[in-house]
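*Asks:* here are the coordinates; sequence isn't available:
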């Protein structure tokens, strides 16, 4: 399984002009299929005369080589365009909304041959937080057996160590921080996901 931060890491290292820790990978729907988009900030020193064709191609080739799926679209934007949370996480949802609304400060973009994402390709968004938590609980707490979203994580043996692991993973993937006490308040998995969605919207 691959996650947005894995794709972003490869994109960042694909060309010297790409600003480190300022890439956003997310999926968008196009003609009824989910497509991979990558938004990348350029370093300020490369803004004057960037070889945009070479940069977009480098990003696409690097991602395709690592994950065996070519991005549908690569977008290059000005330094300082991507929003981050207070903890320094890229706000992928905000980047996607800016792209779809036309408010991104785009330097160049390239659309590649359409290649839809596999149905199980995990590029989590707000709506899939509940599913992510269910899959996590099943794999980490319940030996791969199904779990009930209407039960709390502690009923499946969540302890402080596992809580830290879950917090780290959701922070890395979804870009928000859980208040530590939430894990032990007796909230169900579904209720935890709802709280997480509220935190994501706050950024």
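*Replies:* Received, thanks. Note that the structure is predicted; figures quoted are calculated from it, not measured.
*Asks:* Going by C-alpha atoms from here, please, whenever you check contacts or count neighbours.
*Replies:* Noted.
*Asks:* how much space is there between the closest residue to residue 75 other than its chain neighbours and residue 187?
*Replies:* Residue nearest to residue 75 in three dimensions, not counting chain neighbours: residue 109, with 4.2 Å by Cα to Cα, 6 or more residues apart in numbering. As defined by Cα to Cα, to the nearest Å, residue 109 lies at a distance of 43 Å from residue 187.
*Asks:* just residue 199 next, same as before
*Replies:* Distance of residue 199 to residue 187, computed by Cα to Cα: 15 Å.
*Asks:* Could you do residue 57 as well?
*Replies:* Separation of residue 57 from residue 187 (Cα to Cα) stands at 46 Å.
*Asks:* Break the chain down into its structural domains.
*Replies:* 4-111, 126-202 (automatic domain parsing).
*Asks:* Kindly reformat these as TSV containing mean pLDDT and mean neighbour count.
*Replies:* As requested, the domains of the chain are arranged in TSV below (pLDDT from 0 to 100; neighbours: other Cα atoms under 10 Å):
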stretch	mean pLDDT	mean neighbour count
domain 4-111	90	18
domain 126-202	83	16
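*Asks:* thinking again about what came up before, helix or strand right after whichever helix or strand the residue nearest to residue 75 is part of?
*Replies:* Following DSSP states H and E, the helix or strand that holds residue 109 is strand 106-111. Scanning forward in sequence from strand 106-111, with DSSP H and E defining helices and strands, the next element found is helix 129-141.
*Asks:* next one: that next one to chain centre, how far?
*Replies:* Distance, stretch centre to chain centre, for helix 129-141: 17 Å (Cα atoms, centre = their mean, to the nearest Å).
*Asks:* Mind giving me the packing neighbours of the biggest strand by length in the chain?
*Replies:* When secondary structure is assigned using DSSP state E, the longest strand within the chain turns out to be strand 18-30. Helices and strands touching strand 18-30, as assessed by 3 or more Cα pairs under 8 Å, 6 or more residues apart in numbering; DSSP states H and E, comprise helix 4-12, strand 33-42, helix 92-101.
*Asks:* I'd like these written out as a markdown table, with distance to residue 53 added.
*Replies:* Below are the helices and strands packed on strand 18-30 laid out as a markdown table (distance: least, Cα to Cα, whole Å):
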| stretch | distance to residue 53 |
| --- | --- |
| helix 4-12 | 15 |
| strand 33-42 | 13 |
| helix 92-101 | 19 |
